[in-house]
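**Student:** pasted the sequence and its predicted model underneath.
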Amino acid sequence: MAGLLASHAGIGLVFPLTSIFISDHLGLGGAGAGRYFVAMAAAGCAAAVIGGPRADRGAAAAVGAVGTTSLVVSYALLGAASGDLPVVLSGVLAGTGYGLQYAAITGVVTALVPASLQRRAFVLRHVMTNVGMGLGAAAGGLLLAGSGRSTGMLRHLYEAAAAGSVPLAVVFLAVRGLCHSHPAGTPPGDGGTPDAGESRQGYRVLLRSRPLALLMLGQALFAAVGFTQIEAAVPLLMHHGMGVGLTGVSLVTAGNALALLVLQHPVGRRFERWPETGALTVAPLLWCAAFGAGGLAATVQGAARSVLLGVFAALFALGEIAYSSAFFPLLVRLSGPASLGRGSALSSLAWSAGTVAGPPAGIAVVTATGPVAGWLALAAGTTVTCAVALGLRRATP
């Protein structure tokens, strides 16, 4: 957990700034930023497919170590980049890193933590991730404010982001022996792994389930119109369309992480009492309201703009809590315990599809429109997700 905190604090230094750094400071424009995110998403999809079976065979920690090392190299390369080729290569390495980490982390946690404590461990993982991101974003904003928002400081932040993931790579290597004795997805004390024939049959059965198919479509849309836009389109809207400085962009991201940390326990407990499909329907509605608050912020100045951007960050966090309280429990229920690993693989592919389509589409829309129209376009995208969630609610027993 300490390694996750350090890694995400480093990532948080640059999390809301990548599209601006590539577009403005490297002079590659919105198209260059879009190519980076497409390369990252495509590589993440391939890495998850390749890494998942290896993690299932007892190599989860090794897969995690390779993935985290790929992230280290990616951020170091982006910090030194000066043209399109290294930027795209950095995106490939980042996607590979995130994809392999996604395939590995669940297996590592289940191998190291007794079954009775695993739910608490995954909650702690979520907290460490968001606290790290918030601390990193706040630190990045303060450092940029003190440096006059120079390209040189941005490059240093990317090198710091690379260094922040080194401890996590070391941790993955250190626990290889423990994880090898309990293959990914096999709780300590259980033996055996599914054979290849069972795995192939399980995928066919899962893909014939209409509720699960709708859940996967929803996952892709949650990624495309929500989670990726807070990194890709929203910073451009604030910086280009509204004249918000890089420090302000980082502070909005930090506010989102702080809202997650403060609200996830009281609000999450309330959402846990709802049917999963109900919470999944509310999540895009909250994001629609969040983007609407951003649109209102684009029409005012001064303190009113700051307050409305804070409202955006808080409402977006509420949508994230609604999603996180419902998606994975519903995935467990629809996949069934025997097919949860395969259901998680489908979820990873759906997420990757959303992250491939979302950033370039969002960047293209907000660069072609004014700030108010850009915010409203993002809000419109969430209504599609809501419609799919409603269909899922009707289809789920």
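**Tutor:** All right, it came through fine. Residues are numbered from 1 along each chain as shown.

**Student:** need the contact list for the closest residue to P397 other than its chain neighbours.
**Tutor:** Once its chain neighbours are removed from consideration, P397 has its nearest residue in P211; the separation is 7.7 Å (Cβ to Cβ, 6 or more residues apart in numbering). All C-beta atoms are positioned from the backbone trio N, CA, C, and that covers glycine. Taking Cβ atoms under 8 Å, 6 or more residues apart in numbering as the criterion, P211 is in contact with L334, L392, A395, T396, P397.

**Student:** can you list the residues you listed in a markdown table and add pLDDT and distance to L85?
**Tutor:** Below are those laid out as a markdown table (pLDDT from 0 to 100; distance: Cβ to Cβ, whole Å):
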| residue | pLDDT | distance to L85 |
| --- | --- | --- |
| L334 | 81 | 42 |
| L392 | 94 | 41 |
| A395 | 92 | 45 |
| T396 | 89 | 46 |
| P397 | 78 | 51 |
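
**Student:** and of these, the nearest to A361?
**Tutor:** Distance ranking of the contacts of P211 against A361, using Cβ to Cβ, places L392 first at 22.5 Å.

**Student:** and G99, helix, strand or coil?
**Tutor:** The three-state assignment at G99 reads helix, by DSSP: H, G, I helix; E, B strand; the rest coil.

**Student:** wait, T68
**Tutor:** Reducing the assignment at T68 to three states with three-state DSSP gives helix.

**Student:** name the residues of the helix or strand containing A60 that are buried.
**Tutor:** When secondary structure is defined using DSSP states H and E, the element that contains A60 is helix 60-80. Applying a neighbour-count criterion of 16 or more other Cβ atoms under 10 Å, one finds 60-79 buried in helix 60-80.

**Student:** what do you get for stretch 284-304?
**Tutor:** Within stretch 284-304, the residues that qualify as buried are 284-298, counting by 16+ other Cβ under 10 Å.

**Student:** for the strand or helix carrying W351, packing partners?
**Tutor:** When elements are defined using DSSP H and E, W351 is found to belong to helix 340-368. When contacts are defined as 3 or more Cβ pairs under 8 Å, 6 or more residues apart in numbering; DSSP states H and E, helix 340-368 sits against helix 29-54, helix 84-112, helix 196-207, helix 210-222, helix 233-236, helix 302-335, helix 371-395.

**Student:** and with 10 Å instead?
**Tutor:** Where contact means 3 or more Cβ pairs under 10 Å, 6 or more residues apart in numbering; DSSP states H and E, helix 340-368 is packed against helix 18-20, helix 29-54, helix 84-112, helix 196-207, helix 210-222, helix 233-236, helix 302-335, helix 371-395.

**Student:** sorry, back to before: same list, the contacts of P211, but as TSV with neighbour count and distance to A9 please.
**Tutor:** Formatted as TSV, the contacts of P211 follow (neighbours: other Cβ atoms under 10 Å; distance: Cβ to Cβ, whole Å):
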residue	neighbour count	distance to A9
L334	22	35
L392	23	35
A395	15	41
T396	18	38
P397	5	42
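
**Student:** quick check: the two most widely separated of those residues?
**Tutor:** In terms of Cβ to Cβ, the contacts of P211 reach their longest pairwise distance at L392 and P397, which sit 11.5 Å apart.

**Student:** spit out the residues that contact those two alike.
**Tutor:** P211, L334 (Cβ atoms under 10 Å, 6 or more residues apart in numbering).

**Student:** tell me where the stretch 151-300 of the chain is predicted with low confidence.
**Tutor:** Counting by pLDDT under 70, the ranges of the stretch 151-300 of the chain that qualify are 178-203.

**Student:** mind listing the helices for it?
**Tutor:** 151-164, 166-174, 176-180, 196-207, 210-222, 233-236, 246-271, 276-297 (DSSP state H, counting those that start in this stretch).
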